[in-house]
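A.B. asks: the amino acid sequence is not available; the structure is as follows:
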């Protein structure tokens, strides 16, 4: 079965940015693997509780078509997790689709994965500084597809973002 790994913060991920794409991916017949720093319960900003089936250290990219980093108020804490960078670099090297929504593009940028590329993102001062530091261009659009990298600017475009991830996988 085709798989998509969705990486979330242990607490403070944006509920719709996990749930809406996950539902779309499953409708498209992908197995969704939820990964967080620790396996087990994770809580969204709006109170959704989900089970991370994998810790970051348990993620393998066997049969995986995409790695998606979910945004939210606490998603920048993922920049402190070297394994996120390892997973993203491995995804890039294996020519997988990488997706990031809301504040998550700042996480992807922090690991040097999208240097020289363009991204949509929820715009904050810290996020913009991270993009600038890594030579990533900001586009004020709802969803941006730049080659193998798909980004979205927030919860209102979560399904459109997911559609673009799947379309990019198929291309």
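C.D. replies: Structure received. All values reported here derive from a predicted model rather than from experimental measurement.

A.B. asks: quick one, what contacts residue 109?
C.D. replies: 115, 119, 130-131, 133-134, 136 (Cβ atoms under 8 Å, 6 or more residues apart in numbering). Heads up, the C-betas are built off the backbone N, CA and C, glycines and all.

A.B. asks: let's have those in CSV, adding secondary structure, distance to residue 171 and neighbour count.
C.D. replies: Converted to CSV, the contacts of residue 109 look like this (DSSP: H, G, I helix; E, B strand; the rest coil; distance: Cβ to Cβ, whole Å; neighbours: other Cβ atoms under 10 Å):
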residue, secondary structure, distance to residue 171, neighbour count
115, coil, 22, 11
119, strand, 19, 25
130, helix, 28, 21
131, helix, 25, 22
133, helix, 30, 13
134, coil, 25, 18
136, coil, 22, 26
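
A.B. asks: now, which of those sits nearest residue 151?
C.D. replies: residue 119 (4.3 Å; Cβ to Cβ).

A.B. asks: distance of the closest one from residue 155?
C.D. replies: 17 Å (Cβ to Cβ, to the nearest Å).

A.B. asks: what of residue 123?
C.D. replies: Counting by Cβ to Cβ - residue 123 and residue 155 are separated by 14 Å.

A.B. asks: partner residues bridging the residue nearest to the spatial centre of the chain?
C.D. replies: Residue closest to the mean C-alpha point of the chain, counted by Cα atoms, centre = their mean, is residue 69 at 1.6 Å. Note on residue 69: beta-bridge partners residue 7, residue 100, judged by DSSP bridges.

A.B. asks: the more surrounded of residue 123 and residue 155?
C.D. replies: Taking other Cβ atoms under 10 Å, residue 123 and residue 155 do not tie; residue 155 has more neighbours (22 against 13).
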